[in-house]
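Peer 1: sharing a model that was predicted from the sequence below.
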Amino acid sequence: MSAFGGTRKNTASTARTECPATAAPGDSRSRQLRAMWIATVGGTDWPTDPSKPAAEQRKRFTRLLDTATAMNLNAVVVQIRPDADAFYRSPYEPWSAVLTGTPGKDPGYDVLAFMIKEAHARNLEFHAWFNPYRVAQNTDRSKLPAGSPARRHPDWVRTYGDQLWYDPGLPQVRDLATNAVMDVVGKYDIDAVHFDDYFYPYPESGDFPDAATYRAHGHGTRKADWRRRNVDTLIRTLSGKIHQAKPWVRFGISPFGVWRNKTTDPAGSDTHALQSYDDIYADTRGWIRNRWIDYVTPQLYWPIGDRAADYRTLVAWWSRQVAGTGVQLSIGQAGYRVGEDATWRKPEELSRHLTLNARHPEVRGDIFFSATDLARNRRGFAARVRADHYARPAIPPAAPPAGGGPGAPVPVHDVRATTAGKGAQISWAPAGTSGGDPAARTAAYAIYRRDGRGADCAAVDPAALIGTVRDPGTPPGARLTLTDPSARPGHDYTYTVTALDRVHRESPPARAATVTVNRG
């Protein structure tokens, strides 16, 4: 709908008085997190073939990002530590075999830096997705690279089912996971740290083989409680370290969609499914109540009306859990299930999910699994979601950083609008940063359009958003531009621009600019 047009020198006066400092509607219901998971394990989404040249792999990744842009998404959640490995040069773990087919082999470029740069160029948030405990998708330890901590410390590793896992009860394992995450937080410009539902492994035949660890560290606690405490310790520790290092970087969890069933616990949901609290020792409800996480995205991969786990029931349950906590709720949507059976063959099923979400003000967005499914658009489900719910772009909900901050960023100034071919071009001058708070640094700009010649200082209407652009690090004296090709010839339009900081707090609007588009 819009395209970032670059920079040019400011050659005009900026003497006009700007609008009064009124608050922008930063928590409007029009604010939504719209994201997709990009899974890298097993060639799910990217890279699908590690034997391909790096240039071809990079092209494939940018095509997935273009899918996100075409869907009017505003974030991607990218798996960068799928199996105790790394998509970047790590002092702790080897390069991922997913990239080259060979564990530990350098792909020849900084994969994570590339992915972040390309996502931010499209003003997509980058959520770095880590798997804390999984080591390998097989049980052959000889395949682990020599530099892997799992190879150097075989006593940290357990065989369970057909995979290798780190033992979450070992302090050394929790330290490794913490160090791996914090290395990325410190070195890279990510927007969030993301975990999915893999903590202790899902139950298979027999119990997870941690009896010796329990004897050494359990200290008389019931084994189930001890396991939950181990996971709690990792989540609590990471939450504190992430927010201390970079208060604007959020910490999100995407758990299995059922915490506990009501038949087990009166506080649970009216469902009959696996229970993450009891089966994988993930007390997500407790993490919300303790405010250890900034957002939660339960994987509600069931249809509306499902007998075991009704989507309708679970959305209402999770909405009650986050109410009043400050933890943002988004919903994990099962794009991969479309076409699976009679219910999922209906292309409108996921659109119905988003319609139902709108009844719950606590729901602030959705994440779709996964990127390839959105791109394939089986049975037209993605096109249906876009037409019904994502026809216009959206800004993610404001998420004040840990410890607070001075508030909204400084407004832009000297907004201008001119004709550009059969469309319009909007330009503005950035106004710099707000004090010394890194979270308040301007990260992006939002452009709104009203039909006709409106008031210069009218409040922005979130539903009138036509696009956002990432701040490219504009030098002093430069201007930024955005082209609006959807502006119709012969019509008057009034444009307003605001600044957005790292946590989506929005500046007051700058004085608007009006243009009559050429008839060509």
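Peer 2: Perfect, I can see it now. Residues are numbered from 1 along each chain as shown.

Peer 1: mean confidence for the top helix by length along the chain?
Peer 2: Ranked by residue count under DSSP state H, the longest helix found in the chain is helix 223-245. Mean pLDDT, helix 223-245: 98.

Peer 1: now swap in stretch 355-374 and tell me
Peer 2: For stretch 355-374, the per-residue pLDDT averages 97.

Peer 1: how long is it from one end to the other?
Peer 2: 18 Å (CA to CA, to the nearest Å).

Peer 1: low pLDDT regions in the chain?
Peer 2: 1-18, 21-27, 402-406, 432-436, 520 (pLDDT under 70).

Peer 1: 50 instead?
Peer 2: Residues of the chain meeting the criterion pLDDT under 50: 1-17.

Peer 1: now what about the longest helix of the chain, what contacts it?
Peer 2: 132, 168-169, 174, 177-178, 181-182, 185-186, 193, 199-200, 210, 214, 217-219, 221, 249, 251, 253, 277-278, 281-283, 286-287, 290, 292-293, 401-403 (CB atoms under 8 Å, 6 or more residues apart in numbering). All C-beta spots, glycine's among them, are computed from the backbone N, C-alpha and C.

Peer 1: partners of the next helix or strand after that helix in the sheet?
Peer 2: Once helix 223-245 ends, the next helix or strand along the chain (criterion: DSSP states H and E) is strand 250-253. With DSSP bridges as the test, strand 250-253 is paired with strand 192-195 (parallel), strand 295-296 (parallel).

Peer 1: how far does the first one sit from its chain's centre?
Peer 2: Chain-centre distance of strand 192-195: 8 Å, with CA atoms, centre = their mean, to the nearest Å.

Peer 1: restrict it to CA atoms and write it as CSV.
Peer 2: Written as CSV, here are the backbone C-alpha positions of strand 192-195 (Å, rounded to 0.1, in the frame of the first residue of the first chain):
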residue,chain,number,x,y,z
ALA,A,192,11.9,-9.7,21.7
VAL,A,193,13.2,-13.0,23.1
HIS,A,194,10.7,-15.8,22.4
PHE,A,195,10.3,-19.3,23.7
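
Peer 1: tell me which residues in that strand are buried?
Peer 2: 192-195 (16 or more other CB atoms under 10 Å).

Peer 1: before we move on, the earlier item: how far does the longest helix of the chain sit from the chain's center?
Peer 2: 21 Å.

Peer 1: convert that helix to CSV, retaining C-alpha atoms only.
Peer 2: Only the C-alpha atoms of helix 223-245 are listed here, as CSV (Å, rounded to 0.1, in the frame of the first residue of the first chain):
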residue,chain,number,x,y,z
LYS,A,223,9.6,-34.4,41.6
ALA,A,224,6.8,-32.6,39.7
ASP,A,225,7.2,-29.5,41.8
TRP,A,226,11.0,-29.6,41.5
ARG,A,227,10.8,-29.9,37.7
ARG,A,228,8.4,-26.9,37.6
ARG,A,229,10.8,-25.0,39.9
ASN,A,230,13.7,-25.7,37.5
VAL,A,231,11.7,-24.2,34.6
ASP,A,232,10.5,-21.3,36.8
THR,A,233,14.1,-20.5,37.7
LEU,A,234,15.1,-20.2,34.0
ILE,A,235,12.2,-18.0,33.2
ARG,A,236,12.6,-15.7,36.2
THR,A,237,16.3,-15.4,35.7
LEU,A,238,16.0,-14.5,32.0
SER,A,239,13.3,-12.0,32.6
GLY,A,240,15.4,-10.1,35.1
LYS,A,241,18.5,-10.2,32.9
ILE,A,242,16.8,-9.2,29.6
HIS,A,243,15.0,-6.3,31.2
GLN,A,244,18.1,-5.1,33.0
ALA,A,245,20.3,-5.2,29.9
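
Peer 1: tell me the contacts of Ser148?
Peer 2: By CB under 8 Å, 6+ apart, the residues touching Ser148 are 84-85, 93-94, 103-104.

Peer 1: dump those into TSV; add neighbour count and secondary structure as well.
Peer 2: What follows is the contacts of Ser148, written out as TSV (neighbours: other CB atoms under 10 Å; DSSP: H, G, I helix; E, B strand; the rest coil):
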residue	neighbour count	secondary structure
Ala84	28	coil
Asp85	27	coil
Glu93	22	coil
Pro94	22	coil
Pro103	21	coil
Gly104	18	coil
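
Peer 1: and this structure, what are its domains?
Peer 2: 3-24+408-516, 33-136+168-389 (automatic domain parsing).

Peer 1: closest one to Arg158 among these?
Peer 2: domain 33-136+168-389 (5.0 Å; CB to CB).

Peer 1: now do the helices in the stretch 1-150 of the chain.
Peer 2: With DSSP state H, counting those that start in this stretch as the definition, the stretch 1-150 of the chain shows helices at residue ranges 54-70, 97-100, 111-121, 149-152.

Peer 1: ranking these by burial, who's on top?
Peer 2: The highest average neighbour count among the helices of the stretch 1-150 of the chain, using mean count of other CB atoms under 10 Å, belongs to helix 97-100 at a mean of 22.

Peer 1: run a quick neighbour tally on Arg222.
Peer 2: For Arg222, the neighbour count with other CB atoms under 10 Å is 10.

Peer 1: with the one 5 residues further on instead?
Peer 2: Taking other CB under 10 Å as the neighbour definition, Arg227 ends up with a count of 23.

Peer 1: quick one: it from Asp279, how far?
Peer 2: 11 Å (CB to CB, to the nearest Å).

Peer 1: then Arg345?
Peer 2: 30 Å.

Peer 1: compare the two (neighbour count), which wins?
Peer 2: Set Arg345 next to Asp279 and count neighbours by other CB under 10 Å: Asp279 wins out with 17 against 13.

Peer 1: so that one touches Pro203, yeah?
Peer 2: Yes. Taking CB atoms under 8 Å as the definition, Asp279 is a contact partner of Pro203 at 5.4 Å.

Peer 1: returning to that earlier point: which of the contacts of helix 223-245 count as buried?
Peer 2: Here, 16+ other CB under 10 Å leaves 132, 168-169, 174, 177-178, 181-182, 185, 193, 199-200, 210, 214, 217-218, 249, 251, 253, 277-278, 281-283, 286-287, 292-293, 401-402 buried among those.

Peer 1: which ones among these are found in helices?
Peer 2: Per DSSP H, those map to helices at 174, 177-178, 181-182, 185, 214, 217, 277-278, 286-287.

Peer 1: got CSV for the residues you listed, with distance to Val497 too?
Peer 2: Compiled in CSV, these are given as follows (distance: CB to CB, whole Å):
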residue, distance to Val497
Arg174, 46
Ala177, 42
Thr178, 40
Val181, 36
Met182, 36
Val185, 31
Tyr214, 58
His217, 56
Tyr277, 47
Asp278, 51
Gly286, 42
Trp287, 38
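
Peer 1: of the residues you listed, closest to Val363?
Peer 2: Trp287 (18.2 Å).
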